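Student: pasting a predicted model and its sequence here:
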Amino acid sequence: MPRRTQGPLGLVDPVAAQMQTTLFRALAVLRVVVAAYAVVLDVSRWRDFERPLLGWVVVGVVVTWTLVAGWAYDAPRRRTTTLLVLDLAVTAGTLLATPWVEGEAMLARHAATLPSFWVVAAVLAWAIARGWPGGVGVAVVVSALDLSARTHPTGTTWGNIFLLLLAGGVVGYSAGLVAEASEARAEAERVAAALAERARLARAVHDGVLQVLALVQRRGAEAGGEAAELGRLAGEQETALRALVQGASATAGAVPLPAGEDLTEALARLASERVTVSGPAAPVRLPRRAVDELTAAVRACLDNVSRHAGAQARAWVLVEGGAESVAVTVRDDGPGIAPGRLEAAVAEGRMGVDGSIRGRLADLGGAARLVTAPGEGTEWRLVVPARQGRGRAREAPTGSGSRGRRPPSA
Amino acid sequence: MDGRVEGRVEGSGEVTVMVVDDHPMWREAVARDLAQGGYRVVATAADGREALTRAAATRPRVVVLDLQIPPPDGVEVTAGLVAADPTVRVLVLSASGEQADVLEAVKAGATGYLVKSASREELLAAVGRVATGDAVFTAGLAGLVLGEYRRLSDAPAASSGADTPRLTERETEVLRLVATGLSYRQIAERLVLSHRTVQNHVQNTLRKLQLHNRVQLVRYAIERGLDQE
């Protein structure tokens, strides 16, 4: 059951408090209307009262409390349990005074109580502040008091009691729902604002910091010596920051789809001064596990590059996403591997190629293929099915040999 | 990255250049490099509006354009420049790496793309090549173009017509090699083609995409009844 608004002390959320204020203002209007009805009713029949003077006092209390309650409930800090109890007590008082004022004869005719419908105001106040249990609970109390004032209840009395209980329950329940909805909306607005702020920061970084870092890199390289080292560092930071910022602005564009993660974005984090990552403009979505495994496989490929082709070797990562399969190509411009050397290395257990690359790809229902020749660098081609969990990848986009590879469905 | 390559292409006479960048430091650095490299910088601009008016006044051969500029943005400026003068060459020089923007600029008519971290020599070579009508691709741009063709061919049949551009097998092969860092010369060696043929393949991939983009724009305009006025 939606019951989020927990009294004045529990009201941490200003949004819920604001929502309650709106509801209490509506109740204040209702209170005036039912008070006016009670006043008109009692003025029209005061000659029948057994104790007219006490009757006027009760009418005065109804009017006064209507005004006081309208003011008191308007501020969240005044909406204390004391106020609610006081509201109920005043209502109870007017009900209890009824037999004294109206006398046996009137009550025998099933005349309305002195406050008449005005009692609903206290029930609704509890319902708004304490949810449906509060509304129903106070409706029961008020109904009991009403019954105590009557000599013998009729069908009308029971009908009114039923309506009172219903009002307490329904209004209480709705007030809870409204509070929840407004909290949810406020939360969504906060998230949207945070994302917009991230996007704004990303733009600021683009327009300023990245430009300066790139400039430092370029000028440093030209100046040579120590400046070149500074330039190189600036270049590394520029690449890292750009990858970071690209991720931020991508998330800010739209709430991430539950359909999976963007492989290109994940691999872009591996980019560095020596590693270039490229791919389509649109996200290539795969389940999180597939993205993690592919990223790990690509990282293993890149580790092999720096280990075997030297720290100066450059590498390129290309992501291609199709309806059938997703392919990642990792190429380096190192010296390449002589035929048989890889197999020998695997046999000696020196290269983690099988485990970290082939094994991971096989787990995803895909395949890894290595193309290499002395002087031509090495090229890994990793292919997985676009729809994960649906059998093995058709090895469509791969050919064989470093020359004459066949393109997919061109 | 293929930008650092094959040396300065002989410009027939002086090549005029305009530099568009809202970052004053960058604008001056690039303009100075170009001037020292033998190009004639006829204008600089800090935002899209300036770029369009100054290009109209000075008719540069090459526009070196940052995509992240005050409006109209780099993509709109590219479209505007090419519409006003189809012979102008636009070289996108962007720090952004904003993939979608780069692709849009290329579809709008840019024929070259370089990241700002490219060296001075790469920039000078790229401007020279763009000026003679060659396309300057980075690995990143090749990946984007490959992805765009893939998207077009994977699109549901209803939205893709007979005029949807497709890559030939050879073009796909060449683009994939560019995207994995091979220079045109290396590609030519590997595929046993002439350097010129590789160049043409790359250019064709761009030309088809740009043509398709123009057709789409015209079709859109006709559907919306914009051709009525």
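Tutor: That came in fine, so what should we check first?

Student: quick one: contacts for the residue of chain B found nearest chain A?
Tutor: Per CB to the nearest CB, residue B:147 is where chain B lies closest to chain A, at 2.1 Å. Using the backbone N, CA and C atoms, a C-beta is placed for each residue, glycine as well. Residue B:147 makes contact with A:279-282, A:319-321 under the criterion CB atoms under 8 Å, 6 or more residues apart in numbering or on different chains.

Student: now, of those, which are buried?
Tutor: Neighbour counting by 16 or more other CB atoms under 10 Å in any protein chain shown classes A:279-282, A:319-321 among the contacts of residue B:147 as buried.

Student: restrict these to contacts with chain B.
Tutor: When contact is defined as CB under 8 Å from any CB of the partner chain, the buried ones among the contacts of residue B:147 meet chain B at A:279-282, A:319-321.

Student: wait, which of those is closest to chain B?
Tutor: Nearest member of these to chain B, counting by CB to the nearest CB, is residue A:280, at 2.1 Å.

Student: and the gap between residue B:117 and residue B:23?
Tutor: Residue B:117 is 14 Å from residue B:23, where distance means CB to CB, to the nearest Å.

Student: could you pull up the mean pLDDT of the helix or strand hosting residue B:28?
Tutor: Using DSSP states H and E, residue B:28 falls within helix B:24-36. Averaged over helix B:24-36, pLDDT sits at 90.

Student: could you check that helix and say which residues are buried?
Tutor: Across helix B:24-36, burial judged by 16+ other CB under 10 Å covers B:26-27, B:29-31, B:33-34.

Student: hmm, who's touching that helix?
Tutor: By CB under 8 Å, 6+ apart, helix B:24-36 touches A:211-212, A:215, A:218-219, B:17, B:19-21, B:41, B:44, B:46, B:64, B:66, B:93, B:116, B:120, B:123-124, B:127.

Student: can you give me the offset of it from its chain's centre?
Tutor: Put simply, helix B:24-36 sits 20 Å off its chain's centre (CA atoms, centre = their mean, to the nearest Å).

Student: hang on, the earlier thing: work out for me the element the residue of chain B closest to chain A sits within.
Tutor: Using DSSP H and E, residue B:147 sits in helix B:139-154.

Student: alpha carbons only: can I get the helix or strand that comes right after that helix in PDB?
Tutor: Next in sequence after helix B:139-154, counting helices and strands by DSSP H and E, comes helix B:169-179. C-alpha atoms of helix B:169-179 as PDB (Å, rounded to 0.1, in the frame of the first residue of the first chain):
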ATOM      1  CA  GLU B 169      33.500  -6.300 -52.300                       C
ATOM      2  CA  ARG B 170      36.600  -4.500 -53.300                       C
ATOM      3  CA  GLU B 171      35.500  -1.200 -51.600                       C
ATOM      4  CA  THR B 172      34.600  -3.000 -48.400                       C
ATOM      5  CA  GLU B 173      38.000  -4.700 -48.400                       C
ATOM      6  CA  VAL B 174      39.800  -1.400 -49.000                       C
ATOM      7  CA  LEU B 175      37.700   0.400 -46.300                       C
ATOM      8  CA  ARG B 176      38.400  -2.300 -43.800                       C
ATOM      9  CA  LEU B 177      42.100  -2.000 -44.400                       C
ATOM     10  CA  VAL B 178      42.000   1.700 -44.000                       C
ATOM     11  CA  ALA B 179      40.000   1.200 -40.800                       C
END
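
Student: by contact count, what packs against helix B:169-179?
Tutor: Here helix B:169-179 touches strand A:315-321, helix B:139-154, helix B:184-191, helix B:195-223, going by 3 or more CB pairs under 8 Å, 6 or more residues apart in numbering or on different chains; DSSP states H and E.
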